[in-house]
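# Quick one, what's the 3D model for this:
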Amino acid sequence: MLNRVISASFLLVASANADGLLSSLGLGDPKSIEQKDLQERVLTGAENINRAHRIAPGKFGGSSRVHFKKERIRDDFNWDKYHPDDLLLYPDYWLIGIRTSLDSTYVAGFDDAGKVEYKYPWCVADGTPGKGYSCHGLGPWTCSGGMTFTECCDYAKADVASRGLLVADLHGNYLECYDSPPPEADPLDYGRVKLHVDRGNVVVHTPRNG
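Predicted structure coming up:
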């Protein structure tokens, strides 16, 4: 499945050996049990992919080797335990990333069906006892049917406003949007497996080929 992300990085040839793959990709040390589990599954999956390629290369587009492409994406946020000040570690947390088409004429979304997500809590001052603030999840929004970037942004903001949350957050920032078209044409390649990594170079999503 073709899966476009925020920014392309570089292409690397996979090693059939798990340690070699870790070294060649320069993956960071996972910090949580979930990250460790995912990275272990990535390595196991990589070994299985290489084995499957040796048996049936035709299923990989006839490619002579399987390539692993490491791609940097916008960081996920740990919703399990956080303080509003943790948001300051993410310099653009108040921006809703809207993935548009290659020619920026309509919203494609990260699933090519117009789905737009906001990954961070939106924390605003209120009368919550003991804290004086509350944090809320926003979205997701479906901006399908040829909706433009501006229309999608207005739609998301209207939804937030209907909840009384389109106000400055605890750090004085206002919710805005940014246009995130794919950086370049990314033709389907079944001989390539994409690894999404965060700022710490840790794999954060299950890999996909394409």
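# What count of nearby residues applies to the nearest residue to T148 once chain neighbours are set aside?
The shortest distance from T148 to any residue other than its chain neighbours is 6.2 Å, reached at Y106 (C-beta to C-beta, 6 or more residues apart in numbering). (Glycine included, C-beta is placed from N, CA and C.) Look at Y106: counted by other C-beta atoms under 10 Å, it has 18 neighbours.
# what's the spacing between Y106 and E117?
As judged by C-beta to C-beta, to the nearest Å, Y106 and E117 stand 17 Å apart.
# for R99, same thing?
From R99 to E117 the distance is 10 Å (C-beta to C-beta).
# Quick check on these two: which one has the bigger neighbour count.
Using other C-beta under 10 Å as the criterion, R99 and E117 rank with R99 on top: 24 against 16.
# Could you tell me which other helices and strands whichever helix or strand D159 is part of packs against?
Using DSSP states H and E, D159 sits within helix 149-162. If you count contacts as 3 or more C-beta pairs under 8 Å, 6 or more residues apart in numbering; DSSP states H and E, helix 149-162 packs onto strand 95-98, strand 141-142, strand 176-179.
# could you dump it to CSV, C-alpha only?
Extracted C-alpha coordinates of helix 149-162, given in CSV (Å, rounded to 0.1, in the frame of the first residue of the first chain):
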residue,chain,number,x,y,z
PHE,A,149,-6.9,23.4,2.2
THR,A,150,-8.7,26.5,3.3
GLU,A,151,-12.1,24.9,3.4
CYS,A,152,-10.7,22.0,5.5
CYS,A,153,-9.0,24.4,7.9
ASP,A,154,-12.2,26.4,8.3
TYR,A,155,-14.2,23.2,8.8
ALA,A,156,-11.8,22.0,11.6
LYS,A,157,-11.8,25.3,13.3
ALA,A,158,-15.6,25.5,13.2
ASP,A,159,-15.8,22.1,14.8
VAL,A,160,-13.4,23.2,17.6
ALA,A,161,-15.3,26.5,18.0
SER,A,162,-18.6,24.6,18.4
